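> I'd like to go over a predicted model; first the sequence, then the structure.
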Amino acid sequence: MRQSDGTPYEVAADFNMYTASLSKKVKVNWGPVSQIEIYNDFGYMQKKEKEFTDSFQNVTGILVTAGQVYTYIDYAAGYNHSWLGGNFVDDFSIGNPDAKWEARFNINIGYYF
């Protein structure tokens, strides 16, 4: 187990990381909205220590493009995932075998110039 400088949480020193993503872009003509993209991103952290509990994250959402404004609206869920409401100190290290899936609804609006 290793705690990185500058971060308040522990991270397993040896693990495999797997990700899978799927998305579909659709051109639209809804006033300023020119495109939407429906997506799902999945991540799995397989920890090598057999006493550690693995971590998961799944994010399902939509990206709305209107000129230079991009709006992400998504639902993120995680198991032993610090950023989604778990135990911020050791979810990415030892984890908790009794953890529950936790989730959050997110809206992010950005203007790119």
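Looks like it came in fine.

> Just the CA coordinates for stretch 59-71, please, in CSV.
Taking Å, rounded to 0.1, in the frame of the first residue of the first chain, the C-alpha atoms of stretch 59-71 are listed here in CSV:
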residue,chain,number,x,y,z
VAL,A,59,-20.8,6.6,-15.8
THR,A,60,-23.8,6.9,-18.1
GLY,A,61,-24.7,10.2,-19.6
ILE,A,62,-25.2,12.6,-22.5
LEU,A,63,-23.1,15.4,-23.9
VAL,A,64,-25.0,18.3,-25.5
THR,A,65,-23.0,20.5,-27.9
ALA,A,66,-24.2,24.0,-28.6
GLY,A,67,-21.6,26.0,-30.4
GLN,A,68,-18.6,26.4,-28.0
VAL,A,69,-20.7,25.3,-25.0
TYR,A,70,-20.5,21.7,-24.0
THR,A,71,-22.8,20.3,-21.3
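
> residues touching the most far-flung residue of the chain relative to its centre, list them.
Within the chain, Gly31 marks the point farthest from the mean C-alpha position, 30.4 Å out by C-alpha atoms, centre = their mean. Shown in contact with Gly31 (C-beta atoms under 8 Å, 6 or more residues apart in numbering): Ala66. In this view, the C-beta of every residue, glycine as well, is placed from N, C-alpha and C.

> for this protein, where's the lowest mean pLDDT among helices and strands?
In the chain, the helix or strand scored least confidently by mean pLDDT, DSSP states H and E is strand 2-3, which has a mean of 50.

> From the chain's centre, how far out is the following helix or strand past that one? Work that out for me.
Counting by DSSP states H and E, the element after strand 2-3 in chain order, helix or strand, is strand 10-11. For strand 10-11, the distance from its own C-alpha centre to the chain's C-alpha centre is 17 Å (C-alpha atoms, centre = their mean, to the nearest Å).

> Parallel or antiparallel, which strands does strand 10-11 pair with?
strand 2-3 (antiparallel) (DSSP bridges).
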